[in-house]
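Visitor: Turn this into a structure:
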Amino acid sequence: MTTAIKLYRNPKSGHCHRVELMLAFLGLPYETIDLDMANGAHKAPEFLKISPFGKVPAIDDGGYTLADSNAILTYLVKTYAAGSTWLPDEAKAAAEVQRWLTIAADNIYSGPASARLVKLFGVPRDHAAAVKSAHDLFQVMEPHLEGRRWLATEEITIADVAGYSYIAHAPEGGVDLAPYPAIRAWLARVEAQPNFVAMAASPIPELA
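Guide: Next up is the predicted model:
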């Protein structure tokens, strides 16, 4: 492949970062296009042709367009790393990956992602409830990660990519990671992968 995949994003969105991380891990050429979302670029007619719900991330891969971060992770691996451990075919392993993708879309979004939305972007949500949801999630993840390296299987998968960004940046939403050494060790393992790219950092408020 010679043409760079276009990634439409907000550089401080964890949903967008998980896609950029996957592109980097797979060694794929890509071009980031930062949308001026404050001024409604994500609702412009030309972007709605790419992402009908007006959300980021979205990609354009040689004319094939797709929105939704977890769908994009699946597409990238199936297209450019078919048969790899990133997305296993074996039934139980595939089910475990899917379970963690659902957790990313549900528990991670309602917990650390939502707490960060309040602190960084002033989104009117219940911050205390989001912080509680984050800790409820982490109290399940911490023992799960004790004695194992990755979320779903014995190898890094798209489940780890989907989970990483908002958890790594949970302190930006006022959620303290200090009580969770196994989670922090898992984050460090993701960061140690070849071609890792970090998401833009933001100030850390008083932690809860």
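Visitor: Report how many residues lie close to Asn107.
Guide: By other Cβ atoms under 10 Å, 20 other residues sit near Asn107. For the C-beta atoms, the positions are set from N, CA and C on the backbone; glycine is no exception.
Visitor: what does the helix or strand bottoming out on mean pLDDT in the chain contact?
Guide: Evaluated with mean pLDDT, DSSP states H and E, the helix-and-strand set of the chain has its lowest mean pLDDT in helix 45-48, which scores a mean of 93. Residues from elsewhere that reach helix 45-48, judged by Cβ atoms under 8 Å, 6 or more residues apart in numbering: Tyr8, Leu35, Ala41, Gly54, Ala58.
Visitor: how does it look with 10 Å?
Guide: Contacts to helix 45-48, defined as Cβ atoms under 10 Å, 6 or more residues apart in numbering, come from residues Tyr8, Ile33, Leu35, Gly40, Ala41, His42, Gly54, Lys55, Val56, Ala58, Ala67.
Visitor: which residues touch the first one?
Guide: Just to be clear, that refers to Tyr8. For Tyr8, counting by Cβ under 10 Å, 6+ apart, the contacting residues are 16, 19, 31-35, 41-42, 47, 50-51, 55-60, 65, 67.
Visitor: Provide the strand pairings for the helix or strand containing it, with the direction of each partner.
Guide: Under the assignment given by DSSP states H and E, the secondary-structure element containing Tyr8 is strand 5-9. Looking at strand 5-9 with DSSP bridges, its partner strands are strand 30-34 (parallel), strand 58-61 (antiparallel).
Visitor: mind putting those strands in a markdown table, mean pLDDT included?
Guide: Rendered in a markdown table, the data for those read as follows (pLDDT from 0 to 100):
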| stretch | mean pLDDT |
| --- | --- |
| strand 30-34 | 97 |
| strand 58-61 | 98 |
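Visitor: Need the winner for burial among the ones you listed.
Guide: strand 58-61 (a mean of 22; mean count of other Cβ atoms under 10 Å).
Visitor: ok, Ile156 - contacts?
Guide: Going by Cβ under 10 Å, 6+ apart, the list of residues near Ile156 reads Phe25, Thr85, Trp86, Arg149, Trp150, Tyr164, Trp186, Arg189, Val190, Gln193.
Visitor: Share the number of residues neighbouring the first one, please.
Guide: In this case it means Phe25. Phe25 has 22 neighbours, counted by other Cβ under 10 Å.
Visitor: in the chain, which spans are helices?
Guide: Per DSSP state H, the chain carries helices over the ranges 14-25, 45-48, 69-80, 91-103, 114-121, 127-145, 158-168, 181-191.
Visitor: in the least confident helix or strand of the chain, what's buried?
Guide: Residues of helix 45-48 classed as buried: Phe47 (neighbour count, 16 or more other Cβ atoms under 10 Å).
Visitor: Repeat that for stretch 60-73.
Guide: Along stretch 60-73, the positions that meet the burial threshold by neighbour count (16+ other Cβ under 10 Å) are Asp60, Asp61, Leu66, Ala67, Asp68, Ser69, Asn70, Ile72, Leu73.
Visitor: I'd assumed Pro52 was in contact with the fourth one.
Guide: Translated: Ala67. Yes: the pair Ala67 / Pro52 is scored as a contact, 7.4 Å apart, by Cβ atoms under 10 Å.
Visitor: I am finished for the moment; much appreciated.
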